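Undergrad: Sequence and computational prediction follow.
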Number of protein chains: 2
Amino acid sequence: MSTTPIAPERLADYTPTDRTVPTRSRQRASYDRALVHAILDEGYVCHLGFIRDGAPVVLPTLYGRIGERLYVHGSTGSRPLRMAAARPAAPGTSTSTGSASGDPAEAPGLPVCLTVTHVDGLVLARSAFHHSLNYRSVVVHGTAHQVTDPEELRTALDALVDQVVPGRSADARPASAKELAATAVIRLDLEEVSAKVRSGGPNDDAEDLPLPHWAGVVPVAPRAGTPVPSADLDPAIALPAYLTAL
Amino acid sequence: MSTTPIAPERLADYTPTDRTVPTRSRQRASYDRALVHAILDEGYVCHLGFIRDGAPVVLPTLYGRIGERLYVHGSTGSRPLRMAAARPAAPGTSTSTGSASGDPAEAPGLPVCLTVTHVDGLVLARSAFHHSLNYRSVVVHGTAHQVTDPEELRTALDALVDQVVPGRSADARPASAKELAATAVIRLDLEEVSAKVRSGGPNDDAEDLPLPHWAGVVPVAPRAGTPVPSADLDPAIALPAYLTAL
């Protein structure tokens, strides 16, 4: 525990639950809120899992974080979006309309698992068995709800854009009312959350150390290349500073 | 369709199913076997989704491909591994041992969804609404089974190592019988499979083209850095050629 005097409500860990405590490599698991935020803030693509017709589905999609809330873009997932908005059939009724015909506050939401992973290195050990990856991941369990409030939707869309390119939402035409209505975003609170981190070199067995195989770590990181302007971009428009920074 | 005379059984497309036909952006979906293989072969981390206690779970893990079969490492997933091996209680019995006490061929396996995603570029449009990503992804639906045959396990472990660093499995101590017994790998056949690809520049509305915002694509790709030898590596051991190639 840190001894730095910071307001506890700002840095309190997430509370571990049955499903956020791993069965293996427990020493790699963390519930540290600042670590979770840092891992989430470094990425913009998550893998969203949900259940459809009794089977698991995992789709890549964009996300943005505002405080303890994640917003997830529905462009790849109109199905999960519709499910997040749908109201289940009441017991005893024979059909479900699949649409929210009543109070949105009553929408049951969609159980999801949202995972963000960064690969930091390839870990090469002398033994095939001890090969590994260095990585940082966050897994969020919870119930996603469709965002319907126009103001929240606007804020969420900005967050999604800024998650990919910080500062970009202020340098783009904001969404029109019609576009907002066509934007599908779901909200997921950061409550049942864990991080997992592996770092450092290979953990070879002592008897393998004299073997002649190279051992160590190959660092890996995503890299942004030189921006390619649209063919129809006015040449007078210079590359903005927030892109140079990438 | 290609007119190149290649044996049809090698290049036949995967057959679309209800769950591999997207509800949106259908023009981005593909069932081309060579494209699917190429996307899978460029990666080594997948996001594996399964159902635990009625809720979705998504975990990052390593995979390797051998022909029409994926092998998935169980280091992060002893739970899915156990589930893939478990036999359900027979109807009328009151308990399930959760272990394979009978013929392994009877194991029902674990329904999974395995997704691999590569981000190729950040697509910046004049409007916030048309911001997007260029990406290539593969989604595999199916039932995973635990690999129990020692020879298949050895082959799978080599494939997992070579998926991360091609050529590495031949330059490492092979797994011992004890290590193989401790290695948890599940197998997933490539049958119900789709790819999805977005490429090119932003799709701005015509009326937004005169706006003063920069528009275009920022290419993104993973990049390997300079390998870092283990502190205990014999300095006489040179960096192997297959690492220089990364």
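TA: The structure has been received and is ready for your questions.
Undergrad: For the rest of this, base every contact and every neighbour count on C-alpha atoms.
TA: Fine.
Undergrad: Low-confidence bits of chain A, can you list those?
TA: When residues are selected by pLDDT under 70, those of chain A lie in A:1-11, A:75-82, A:86-107.
Undergrad: can you give me the helices in it?
TA: Assigned by DSSP state H, chain A shows helices spanning A:8-11, A:33-42, A:78-85, A:150-164, A:177-182, A:241-244.
Undergrad: out of the ones you listed, deepest packed?
TA: helix A:78-85 (a mean of 22; mean count of other CA atoms under 10 Å in any protein chain shown).
Undergrad: before we move on, the earlier item: could I get the helices of chain A as a markdown table with distance to chain B?
TA: Written out in a markdown table, the entries for those read as follows (distance: least, CA to the nearest CA, whole Å):
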| stretch | distance to chain B |
| --- | --- |
| helix A:8-11 | 25 |
| helix A:33-42 | 14 |
| helix A:78-85 | 7 |
| helix A:150-164 | 7 |
| helix A:177-182 | 7 |
| helix A:241-244 | 8 |
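Undergrad: what would these look like in a markdown table with distance to B:Ala236?
TA: Written out in a markdown table, the entries for the helices of chain A read as follows (distance: least, CA to CA, whole Å):
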| stretch | distance to B:Ala236 |
| --- | --- |
| helix A:8-11 | 47 |
| helix A:33-42 | 38 |
| helix A:78-85 | 55 |
| helix A:150-164 | 44 |
| helix A:177-182 | 62 |
| helix A:241-244 | 41 |
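Undergrad: and A:Val217, which of those helices is closest to it?
TA: With CA to CA, the closest approach to A:Val217 among the helices of chain A belongs to helix A:33-42: 20.7 Å.
Undergrad: Could you list which residues are in contact with the closest residue in space to A:Ser137 that isn't next to it in sequence?
TA: Leaving aside its sequence neighbours, A:Ser137 sits nearest to A:Thr117 (CA to CA, 6 or more residues apart in numbering or on different chains; 4.2 Å). The neighbourhood of A:Thr117, defined by CA atoms under 8 Å, 6 or more residues apart in numbering or on different chains, consists of A:Cys46, A:Tyr135, A:Arg136, A:Ser137, A:Val138, B:Pro60.
Undergrad: any idea how far A:Thr117 lies from B:Val185?
TA: 21 Å (CA to CA, to the nearest Å).
Undergrad: cool, A:Leu114 as well?
TA: Distance, A:Leu114 to B:Val185, using CA to CA: 23 Å.
Undergrad: repeat for A:Leu209
TA: 26 Å.
Undergrad: if you count what's nearby, which of these two comes out ahead?
TA: Neighbours per residue (other CA atoms under 10 Å in any protein chain shown) separate A:Leu209 from B:Val185, with B:Val185 holding more: 28 against 16.
Undergrad: Enumerate every residue touching the more buried one.
TA: B:Tyr71, B:Val72, B:His73, B:Gly74, B:Leu81, B:Gln146, B:Val147, B:Leu153, B:Ala156.
Undergrad: So the last one is in contact with B:Tyr63, correct?
TA: By that I understand B:Ala156. No - in this structure B:Ala156 lies outside contact range of B:Tyr63 using CA atoms under 8 Å: 9.1 Å.
Undergrad: anything in contact with each of these two?
TA: In contact with both B:Ala156 and B:Tyr63: B:Tyr71, using CA under 8 Å, 6+ apart.
Undergrad: mind checking how far stretch A:138-157 is from the chain centre?
TA: From the chain centre to the centre of stretch A:138-157 is a distance of 12 Å (CA atoms, centre = their mean, to the nearest Å).
Undergrad: quick one: terminal-to-terminal distance for it?
TA: Between the opening and closing residues of stretch A:138-157 we find a distance of 22 Å, counting by CA to CA.
Undergrad: between the helices of chain A, which one is nearest to B:Arg19?
TA: Between B:Arg19 and these, the shortest gap by CA to CA is with helix A:78-85, which sits at 10.6 Å.
Undergrad: quick one: the strands in chain A?
TA: Ranges of strands within chain A are A:29-30, A:45-52, A:55-66, A:69-73, A:110-124, A:132-146, A:185-189, A:192-198, A:216-224, A:228-229, based on DSSP state E.
Undergrad: What is the burial count for the closest residue to A:Pro212 other than its chain neighbours?
TA: The shortest distance from A:Pro212 to any residue that is not its chain neighbour, by CA to CA, 6+ apart, is 6.7 Å, and that residue is B:Ile237. Number of residues near B:Ile237 (other CA under 10 Å) recorded here: 13.
Undergrad: go on, A:Ser132?
TA: Counted with other CA under 10 Å, the neighbours of A:Ser132 add up to 22.
Undergrad: Name the nearest residue to it, sequence neighbours excluded.
TA: On the basis of CA to CA, 6+ apart, the spatially nearest residue to A:Ser132 that is not a chain neighbour turns out to be A:Val123, at 4.9 Å.
Undergrad: Contact partners for A:Ala215?
TA: In this structure, A:Ala215 makes contact with A:Val123, A:Leu124, A:Ala125, A:Arg126, A:Pro202, B:Pro229, B:Ser230, B:Leu233, judged by CA under 8 Å, 6+ apart.
Undergrad: again, only using 7 Å
TA: A:Ala215 sits next to A:Leu124, A:Ala125, A:Arg126, B:Pro229, B:Ser230, B:Leu233 when contact means CA atoms under 7 Å, 6 or more residues apart in numbering or on different chains.
Undergrad: The second one: neighbouring residues, count only.
TA: Burial of A:Ala125, expressed as a neighbour count using other CA under 10 Å, amounts to 25.
Undergrad: if I look at it, how far off is B:Asp234?
TA: 13 Å.
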